[in-house]
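S.K.: dropping a prediction and its sequence here:
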Amino acid sequence: MTKIIGTNLTNMPWQERKTEGPLPLWRFDQNPIIGRDGNKVSNSVFNSAIVPYKDGYAGVFRCDSRSISMDIFAGFSDDGIHWHIEDEPIRFEGDDPEILNREFRYDPRVILIDDKYYITWCNGYHGPTIGLGWTKDFKTFVQMENAFLPFNRNGVLFPRKINGEYMMLSRPSDNGHTPFGDIFISRSPDLTYWGKHRFVMGAEKGDYSAWQSTKIGPGPVPIETDEGWLIIYHGVITTCNGFVYRMGSALLDIDEPWKVLYRTRDYIMAPDVPYEQLGDVSNVVFPCATIQDSATGRIAIYYGAADTVTGIAFTTVDELVAYTKKNSF
């Protein structure tokens, strides 16, 4: 039995598995939970972040507009399924107007550390890099310094300090539709100055695990367990029809999380249903957030489908860890 280290979450979305299958994840039968018209200005709502907040949930949502500009919006929900997303994008406060100047913002993650909800996102500053900010109420937002130089995507904070340091996963990239990508970890004493960069794991070339042969990138905030940090990531293969995005999982060492203990050779979820296969960008499942209950081991994964809508998939920590170990490299 694997134990999630964290709090009990009695009101999380959940649905029991209805049919047996070979994969450790199963979809919510009311997917997609957020359509492309999630607010008054959106063309699509996907790759978004959710976190428990007060008696319900709050989130930061990627809503691409009908002019196909990319920005992030606050949202709230009583049950984690039915959402109200604000019609105006988040406006950050901060000390430096140059950092506040918006080029584009997308693919956020959110995590509570101490008394602040920290947000990371892909931030436009002479190309994509990792933006970092915080809020206490999802109404007032403060932007901090960008974590890294361009070009970088998929910045994901760990939910606590490790050996006295903040840590963040990311995927260095380029200024386009990056045809490469590996996961690295960086450390910081203060969430401003980042260094001690270490390689975590990379794309797998060849046929041994071809679904993740083009690039990989970190997904939701790592889940702390008594067997290590459980991470869910996306992997990409280049096919004759373009990129295809699937999900994988891995366990990282609890004290030195750049060390991979187990990593899935087989994917844990693929774009297999119409709302994942057809959309603005077809054949994409892209995980950005999880919520979990330490008492039951239940995990709900929020993911973007076909870069158009938002869905939920479910698993348990026992099932996902067992699958990760059994299918490990």
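M.R.: Great, that's in hand.

S.K.: show the contacting residues for the closest residue to Asp71 other than its chain neighbours.
M.R.: Closest residue to Asp71 in three dimensions, ignoring its sequence neighbours and counting by CB to CB, 6 or more residues apart in numbering: Pro89, at 4.1 Å. C-beta: built from backbone N, CA, C; applies to glycine. The contact partners of Pro89, taken as CB atoms under 8 Å, 6 or more residues apart in numbering, are 63, 71-73, 105.

S.K.: assumed Gly235 was part of a helix.
M.R.: No - counting by DSSP: H, G, I helix; E, B strand; the rest coil, one finds Gly235 to be strand, located in no helix.

S.K.: now for it: which residues touch it?
M.R.: 203, 209, 211-212, 215-216, 245-248, 267.

S.K.: count of residues packed around the nearest residue to Pro271 once chain neighbours are set aside?
M.R.: Excluding its sequence neighbours, the residue lying closest to Pro271 (CB to CB, 6+ apart) is Asn283, at 4.6 Å. For Asn283, the neighbour count with other CB atoms under 10 Å is 22.

S.K.: host element of Ile216?
M.R.: strand 215-218 (DSSP states H and E).

S.K.: check which helices and strands the very next helix or strand once past that strand sits against.
M.R.: Per DSSP H and E, the first helix or strand lying C-terminal to strand 215-218 is strand 223-225. Applying 3 or more CB pairs under 8 Å, 6 or more residues apart in numbering; DSSP states H and E, one finds that strand 223-225 contacts strand 228-239, helix 317-326.

S.K.: okay, these, which one's buried deepest?
M.R.: Each of the helices and strands packed on strand 223-225 was scored by mean neighbour count; the highest is strand 228-239, a mean of 23, by mean count of other CB atoms under 10 Å.

S.K.: the helix or strand just after it: which residues count as buried?
M.R.: Next helix or strand after strand 228-239 toward the C-terminus (DSSP H and E): strand 242-252. By 16 or more other CB atoms under 10 Å, the buried positions in strand 242-252 come out as 243-252.

S.K.: which members of these are the farthest-apart pair?
M.R.: Phe243 and Leu251 (26.2 Å; CB to CB).

S.K.: what is the one helix or strand Leu261 maps to packed up against?
M.R.: Assigned by DSSP H and E, Leu261 falls within strand 260-263. Here strand 260-263 touches strand 195-201, strand 242-252, helix 317-326, going by 3+ CB pairs under 8 Å, 6+ apart.

S.K.: in JSON lines: those, plus mean pLDDT and distance to Arg109.
M.R.: JSON lines is the format used below for the helices and strands packed on strand 260-263 (pLDDT from 0 to 100; distance: least, CB to CB, whole Å):
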{"stretch": "strand 195-201", "mean pLDDT": "98", "distance to Arg109": "16"}
{"stretch": "strand 242-252", "mean pLDDT": "98", "distance to Arg109": "15"}
{"stretch": "helix 317-326", "mean pLDDT": "98", "distance to Arg109": "19"}
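
S.K.: and the ones you listed: which comes nearest Gly311?
M.R.: Taking the helices and strands packed on strand 260-263 one by one with CB to CB, strand 242-252 is closest: 11.8 Å.

S.K.: got the angle between that closest one and strand 228-239?
M.R.: 160 degrees (axes from the mean of the first three to the mean of the last three CA atoms, to 10 degrees).

S.K.: the residue nearest to Asp71 falls within a helix, correct?
M.R.: No - checked against three-state DSSP, Pro89 lies outside a helix; its state is coil.

S.K.: measure the closest residue to Arg17 other than its chain neighbours to Thr10 for me?
M.R.: Distance criterion CB to CB, 6+ apart; nearest residue to Arg17, sequence neighbours excluded, is Trp26 at 4.8 Å. According to CB to CB, to the nearest Å, Trp26 and Thr10 sit 21 Å apart.

S.K.: Asn241 contacts Asn283, doesn't it?
M.R.: Yes - contact criterion CB atoms under 8 Å: Asn241 and Asn283 qualify, at 7.3 Å.

S.K.: ok so, going back, would you mind giving the buried residues of strand 242-252 as CSV with distance to Val156 added?
M.R.: Listed next are the buried residues of strand 242-252 as CSV, based on distance: CB to CB, whole Å:
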residue, distance to Val156
Phe243, 20
Val244, 22
Tyr245, 16
Arg246, 18
Met247, 14
Gly248, 15
Ser249, 14
Ala250, 13
Leu251, 16
Leu252, 12
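
S.K.: for Ala147, state which of the residues you listed is nearest.
M.R.: For those, the nearest to Ala147 is Leu252 (19.4 Å; CB to CB).

S.K.: what is that closest one paired to in the beta sheet?
M.R.: Trp229, Val260 (DSSP bridges).

S.K.: thought it was touching Thr225?
M.R.: No - contact criterion CB under 8 Å: Leu252 and Thr225 do not qualify, at 10.3 Å.

S.K.: assess the claim that Trp211 and Ile237 are in contact.
M.R.: Yes - with contact defined as CB under 8 Å, Trp211 and Ile237 form a contacting pair (5.2 Å).
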